[in-house]
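Undergrad: what's the 3D shape of this:
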Amino acid sequence: MNEMYQQVIEANIKLHTRLASEYNECEPQYRPENIARLNSELHQVIDATSVQRVLDLGCGTGFMIDILRPMVRHITGVDVTQAMLDRIDTTGSTTIELILSDTGSVAVEEDSYDLATAHSFLHHLFDIRPTLQTAYSALKPGGVFYSELDPNYYFWEGIHGLSGQDSMSDLVRREYNSVASRDSEIESEFGVEKDVFNMAEYGKNIAGGFKEEFLSSCLYEAGFSAVRIKYHWFIGQSLFYNSMGLDLETATTQSSQMDFVLRQALPISRGLYKYVGFEAIK
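TA: So this is what the prediction gives:
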């Protein structure tokens, strides 16, 4: 195994062992608007493909498992940090199988899953290609690999290009500060060294996020027959939910209208989206 690959794994274990007990309360993916959006998207995938068995790569404390459990029969979650796996609720009628392993080397049953997922996870890897290969091998022919909430290179490039002294709106400054000081915040709040945090988020903090061209190339190289790149959470989208006094339905409608316009402007507008994801078909 590549030395850097192993160092990134060890950094993730150290970071997420420390974060595990507070993880569900401090991560923005747990906000109700994100869960509602993801619920809707996953229902579309599952209804279209009759999904029953799911492989969740980088399952963490069970974010995707909790969303998917009412929709499917069996979920296998894989994560490298035992403290995160210990937080997962395995009760209920859905079979929940948990595996402590690196997602790039885990032994999973081939050609047996209808859906593979990787939510806000790929940027925690030094090299995503072994994990993409795991997903491909595990899926049945026609199965779907669904991934999202990983950093969009074009957005992070724009943020990193700013200077702390540049004139910018409060909205942009918040995004800039969240990038410039996040490692210091983690060190202060959780006692995890900056170098460990940055190594654990290698794909974002060191590599600078993912380009859609790179993701597509790696997925096709792994064997997938079709790839659809998806951008989500444009800068300022959270204002609809948190700063305008709107109810959830109205906020969702208005932000969706803005999102529709920005999607029509792709690829010109892709630098305005914080995250990138994909659906890939085996």
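Undergrad: Please make it C-alpha for all contacts and neighbour counts, starting now.
TA: OK.
Undergrad: Spit out the contact partners of Y154.
TA: Counting by CA atoms under 8 Å, 6 or more residues apart in numbering, Y154 makes contact with 209, 211, 270-272.
Undergrad: Double-check that it belongs to a strand.
TA: No: going by DSSP: H, G, I helix; E, B strand; the rest coil, the assignment for Y154 is helix, not a strand.
Undergrad: which of the contacts of Y154 count as buried?
TA: With neighbours counted using 16 or more other CA atoms under 10 Å, the contacts of Y154 contain these buried positions: 209, 270-272.
Undergrad: Mind putting these into a markdown table with pLDDT and secondary structure?
TA: A markdown table is the format used below for the buried ones among the contacts of Y154 (pLDDT from 0 to 100; DSSP: H, G, I helix; E, B strand; the rest coil):
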| residue | pLDDT | secondary structure |
| --- | --- | --- |
| G209 | 96 | coil |
| R270 | 96 | helix |
| G271 | 95 | helix |
| L272 | 96 | helix |
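Undergrad: L246 looks like it's in a helix, true?
TA: No: judged by three-state DSSP, L246 forms no part of a helix; its state is coil.
Undergrad: okay, now it: neighbour count?
TA: 14 (other CA atoms under 10 Å).
Undergrad: Could you look up the SS state of the closest residue to it other than its chain neighbours?
TA: Spatial nearest neighbour of L246, chain neighbours left out: F240 (6.9 Å); criterion: CA to CA, 6 or more residues apart in numbering. Secondary structure, three-state DSSP: F240 is helix.
Undergrad: What is the strand or helix carrying M258 packed up against?
TA: Secondary structure from DSSP states H and E places M258 in helix 248-264. Under the contact criterion of 3 or more CA pairs under 8 Å, 6 or more residues apart in numbering; DSSP states H and E, helix 248-264 touches helix 237-242.
Undergrad: Next, the buried residues of the helix it packs on.
TA: Here helix 237-242 shows 237, 240-241 as buried, counting by 16+ other CA under 10 Å.
Undergrad: just checking, what packs against the host helix or strand of D56?
TA: For D56, the host element (DSSP H and E) is strand 53-57. Contact here means 3+ CA pairs under 8 Å, 6+ apart; on that basis strand 53-57 packs against strand 74-79, strand 113-119.
Undergrad: Paired strands for that strand, with orientation please.
TA: strand 74-79 (parallel), strand 113-119 (parallel) (DSSP bridges).
Undergrad: For E148, find the nearest of those strands.
TA: strand 113-119 (5.3 Å; CA to CA).
Undergrad: Contacts for that closest one, please.
TA: The contact list for strand 113-119 (CA under 8 Å, 6+ apart) reads 49-59, 64, 135, 138-140, 142-150.
Undergrad: Go ahead and confirm V192 touches I186.
TA: Yes: if you go by CA atoms under 8 Å, V192 and I186 touch, sitting 6.3 Å apart.
Undergrad: Neighbour count: these two, which is higher?
TA: V192 (20 against 16).
Undergrad: show me the contacts for that one.
TA: 15, 18, 186.
Undergrad: Apply 10 Å and report the result again.
TA: By CA atoms under 10 Å, 6 or more residues apart in numbering, the residues touching V192 are 11, 14-16, 18-19, 183-186.
Undergrad: hang on, the earlier thing: dump the strands paired with strand 53-57 into a markdown table; add distance to K282 and mean pLDDT as well.
TA: Shown next, in a markdown table, are the strands paired with strand 53-57 (distance: least, CA to CA, whole Å; pLDDT from 0 to 100):
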| stretch | distance to K282 | mean pLDDT |
| --- | --- | --- |
| strand 74-79 | 19 | 98 |
| strand 113-119 | 10 | 97 |
